[in-house]
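1. predicted model and sequence follow; I will ask about them next.
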Amino acid sequence: MPESSAQSAIINDVLLLYELSLAIGSSLDARKNCEGFLNILQARKNITQVAVWILTDADHADGSPQLSLLYANPRRSTPVAGRERTPPLLRTMHERRPVTISSPEMDDERLAGDGLFVLFPLAEFGVLELYFPSRHATIPPRTVNQLKNVIDKFAASLAGSLAHERLQHTEALLRQSENRYRMLIENLPQRFFIKDTSSNFVAISHNLASDLGIQPDEVSGKNDFDFFPAELAKKFQMDDQRVMQQGKPEEIEERVIVRGEERIIQTIKAPALDRDGNIAGVLGMFWDISEQKKDREQIARLVASVEHAQDAIIISDQEARIQYVNPAFEQMTGYAASDAVGQFTRILRSNKHPEAFYKHMLDTVQQGNIWRGEMIIQCRDGSLRHVERNIAPVFDDAGEVICHVTIQRDITEHKQMEEKFLHAQKMESLGILVGGVAHEFNNALAGITGRLYLLKRKLTASATALNDVEIAEELCFRSADMVKKMLAFARKSPLQMHDFDLGSFIRETFRLHRLSIPESITVHTMFEADTMVIHGDTSQVQQIIINLLNNARDAVEGVDNPEITLSLAHFVPDATFIQAHPDTADRHFARISVDDNGHGIHPSDLPHIFDPFYTTKEVGKGTGLGLAMVYGACGMHEGYVDVTSQPGKGTRMEICLPLIDTPDHTLESAPLPATARGHGELILLVDDEEMLRETLKEVLLSLGYRVLEASDGEQAMQLFSSHHHELALVLMDVVMPRMGGVEAGRLMQAMQPDVPVIFCTGYDKHDVMADENIADDMTVSKPYNIELISQQIARHIRKPFTSG
Amino acid sequence: MYIASIQQLPQAIQQAATSYEQPIAVIMLAESHAGQINRIIDELVESAIPFIGAIFPALIHGDRTFTEGAIVNVFPAIAAPILITGLNRDDYHIPELLPAGAAGTGSPTGIILLDAMTTHTDTLLAGIFNQVGNRIHFFGGCSGFSDLVHRPCIFTTDGIIRDAAVIALTSLNSSLSARHGWQRLNHEPIIATRTCKNVVHEMNWEPAYDFYHTSVKTHGESDVTADAFYNKASYFPLGLYREHQEDVVRDPLLANTSDQSIQFASSVPENSVMYLLHGNTGSLIEAAITAVDDCCTAAIQADHCLIMDCFSRTLVLGDAFGRELAAAGRQLQIHGQHAIPEGAVTLGEISSYGEDYLELFNKTIVVGLLYA
């Protein structure tokens, strides 16, 4: 059937358009959609270059729309339309009709020929660019219109593809987002779950499903009762309901038994909201905090230990900058934590050590080593403290020092005690030395004074000789007084202890001694009216007061308006006193104070003022035994002596003697010295020192007694056995060879209890007769005071036997 | 040049290569040497001249065809040989064809040899065009064997492989043309309403084989039966409509009576418009002359004249095939070209068609003049 060429052309056009239209929408993918359609178009129309441009979301900097290349065949390297290409493309979009442009106008370096570009608008989102090779001088409008129809359909299809791509992109983002959250949830150690409003599980994480022994998708429709004991499940569901009712998250800590072991579980539940904000269930997350809990408790214990430690603890960085201090540090140094943190540890530096000492300490710790040692630190108020310090580095996992921990213990009191102990040891050693010397010297003096007494009686006719003897006797008594002080310091004075009122005693002593203080010195007294009873030796207490007053008198010599104040007061130890004398808590004291406004004591002399023979007075004015005696006498009375002095301002001496609680005590009065005579009574005199024995025998004979002699305890017992019926008294030394006085006295008492035995000793009776129940009045101290011994003999001697 | 004795192939190549600083050899080997191919490759490798090669049913040199020997052309190269493999898979990869800096060297020519029986022949060419457009003029043919059995037919220094293509890029410019001379048997369009690559299942919404059989019987007065299908069908190919140019021929190879489909030598896009074609000796030879005329538009003496002529044309033309080659040769001489036309009898022809779209042809003669 013959057909005209026009008809054939139409048929070809229709068929081509048919093929092209069926090539549209070959894929949802925008590029493949382009490829499916444009490949056919290129092949059938001999189009050597096609490109699809679409508007981007971002405009050019000048606000003009920006086009990007979606598809090109052949492909191009520039994804964005150049500035030279944009205007014709935009013009096409603006005019909404195909535009034919010559090749030079498009300025496309990729094209060698002089073909034609035909640009078709793609709806409102882009442009289709077709390049016809150079043999096409023109593109007939008919061809352009034919293509426009099919290209419009392609545009609609491409719009759908692009929308689909955007949707896919959005979905991909959503999936990506979902995957991120899923990855987050599935890779975290916590367990996650979602429940509906009836507490039925909706979804759970993989690890929770694994715990429950199911797959995650098997949990739908199950609830807590399917997995947990009923009681626990019920509690879980009650928690769910409460969280949903309250509409806010809740943290729940609970203890559950897992495989027979109690574990602590931390759960966070929150209401699950739907799109409208309505509660649609519960979201939950839980994890095992047993180990964390243990760790936290351990840390809390450590923190409490540090916070309550008695030792100061400092944590500092590598630069020695303080990062932490504990309360003990605050208490020890006076620095509040808020003040100390951030400062360098050198705030505690006292500079009492050489610079090399500090450098060595810093070098040691900075090299990662431990430093230990004692040092003196300076507190905030400037006071100094002795501390025992330990600085240890703290390392991280990589072995790097991250900080230092300093622990320092206050050893100030320990140091003071140590000094006191050393001082006491020194005094004790001196005491032993002095006591030994004094004893031997005392025995010699006893013999001398006795002989001088007898010599005086025989020399009554010669006044000159008598004067010499009296001078010698006085010198002996002065020497004896020195010995007494030495023994007092050495605490080896024989004591005559009894209870007496210190108030009346000190008044009487002051009255007698006032005359020895020049009238130019103003003396004040401040005596409390209360009775203050002490148990003591009146002669030693008297010596204490006299020594202190004499020292004060000498101290104010040469000063203007010299003043001395003697005071006595009831004293309850305060904290300072107790700190200095730890055994004095809960005890009451009588405090004797002597204040003067004299020259004061130089600080360098203060540590030595109680040493025997240490004196700052001029030669001949002091023996150096006064304060030594005071020190020893106070010790023997279980009292304390303290001195405070400021050069140029004066000195205060304080003696604290313990009070005894004896309200109804019958107080003794001080004995009055006077010689008492005998009436031929027989006295057994026992002493291993022959010269001393002989002297005392002569004295006793001169006093009107008869005397039997023995040189030791055994000989004394023999004489006592044969004469106990006629003996009126035994006067016996304590320390003797073969048999001591105490043992002999015990035997004598057993044999004849009514014969009194007076013991004579050059030592403190507490040393030699510590365990014996011997009254103070039944002892006598060497060297003998004839008046006192005569009185003692007279008081105790057995009365002569009366016949019938 | 035609090398009758394969043993002389390396030596001939080395001699030809001396003209160029960076030579590349394109070898078209007659299928009769397929059994010697590994030894040939070893010898070529030893010669150290870069090469690409393929096996063809026959070779063309002047007005003669040869079933033995090899046609060798050595060109100045602008890149190393390019090998594209895995064309039977969807994930094959086309490497970057134009090396950096080569864009400014004018219009280079790519000689492409492609396994005719592999899957992605058309898509490979589409991919190549998509990458370089017509900045490179491609010319070449599909290789294979005359029995149409799929065997390895592409060779390089790495050996002989199948499902591959090789490309030699030369700096020579080219003038290309493709003509077939097949005429529409009638004016009734045929729409390939259901296709899959090179298999057409339906034509005009009817089973393809039934429709084709009826159309040939009606318009060609010939009975194309399923058995010995190609012997008669090769006289009645189909032509894809192409505006302002000859239809692009699609050669029916096999008929499958079980599903009534027809397998073509190259792909047929679904919904494409085709016409039933028929040729005669005169029109086919005339096409060869026209092809030469198309090439010889410029008065430039070509260094090489390459011809790829379809294997099916040899069947259709029979003894007249030599006349076609002679006519082409004469026409070249008329245009003053001294180069002897040489090439291969192919199972598909490739040409960029001048400035146009890169296309795979059937039953076509493509002519390329290469000049510096």
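-> Structure received.
2. what secondary structure does whichever residue of the stretch 451-600 of chain A sits closest to chain B sit in?
-> Using Cβ to the nearest Cβ, the single residue of the stretch 451-600 of chain A nearest to chain B is A:Q579, 93.8 Å away. Where C-beta positions appear, they are placed from N, C-alpha and C, glycine not excepted. Assigned with DSSP: H, G, I helix; E, B strand; the rest coil, A:Q579 falls in the helix class.
3. for stretch A:332-349, give the mean pLDDT please.
-> Computed over stretch A:332-349, the mean pLDDT rounds to 92.
4. roughly how far does the residue of the stretch 451-600 of chain A closest to chain B sit from A:F610?
-> 20 Å (Cβ to Cβ, to the nearest Å).
5. the more surrounded of those two?
-> Comparing A:Q579 with A:F610 by other Cβ atoms under 10 Å in any protein chain shown, the one with more neighbours is A:F610, at 22 against 12.
6. tell me how many other residues crowd the residue nearest to the more buried one when sequence neighbours are not counted.
-> For A:F610, ignoring the flanking residues on the chain, the nearest one in space by Cβ to Cβ, 6 or more residues apart in numbering or on different chains is A:Y631 at 4.1 Å. For A:Y631, the count of nearby residues is 22 (other Cβ under 10 Å).
7. before we move on, which element is A:Y631 in?
-> A:Y631 belongs to helix A:626-636 when assigned by DSSP states H and E.
8. number of nearby residues for the residue of the stretch 1-150 of chain B found nearest chain A?
-> With Cβ to the nearest Cβ, the shortest gap between the stretch 1-150 of chain B and chain A falls at B:G133, namely 3.1 Å. Residues lying near B:G133 (other Cβ under 10 Å) number 22.
9. again, but for B:E342
-> Counted with other Cβ under 10 Å, B:E342 comes out at 22.
10. so it sits in a strand?
-> Yes: looking at B:E342 with three-state DSSP, it is inside a strand.
11. show me what the closest residue to it other than its chain neighbours bridges to in the sheet.
-> Excluding its sequence neighbours, the residue lying closest to B:E342 (Cβ to Cβ, 6+ apart) is B:H61, at 4.5 Å. Per DSSP bridges, the residues bridged to B:H61 are B:R64, B:E342.
12. was I right about B:H61 contacting B:V72?
-> No: contact between B:H61 and B:V72 fails when scored by Cβ atoms under 8 Å: they sit 10.7 Å apart.
13. count the residues that sit near A:L512.
-> Neighbours of A:L512 using other Cβ under 10 Å come to 11.
14. please apply the same query to the one 3 residues further on.
-> Each residue near A:L515 was counted by other Cβ under 10 Å, and the total is 8.
15. averaged pLDDT, the one helix or strand B:F211 maps to. What do you get?
-> Using DSSP H and E, B:F211 sits in helix B:208-215. Averaged over helix B:208-215, pLDDT sits at 95.
16. against which helices or strands is that helix packed?
-> With contacts defined as 3 or more Cβ pairs under 8 Å, 6 or more residues apart in numbering or on different chains; DSSP states H and E, helix B:208-215 has these neighbours: strand B:199-203, strand B:252-256, strand B:261-264.
17. dump the ones you listed to CSV, plus mean pLDDT.
-> Listed next are these as CSV, based on pLDDT from 0 to 100:
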stretch, mean pLDDT
strand B:199-203, 95
strand B:252-256, 91
strand B:261-264, 94
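18. cheers, nothing more for now.
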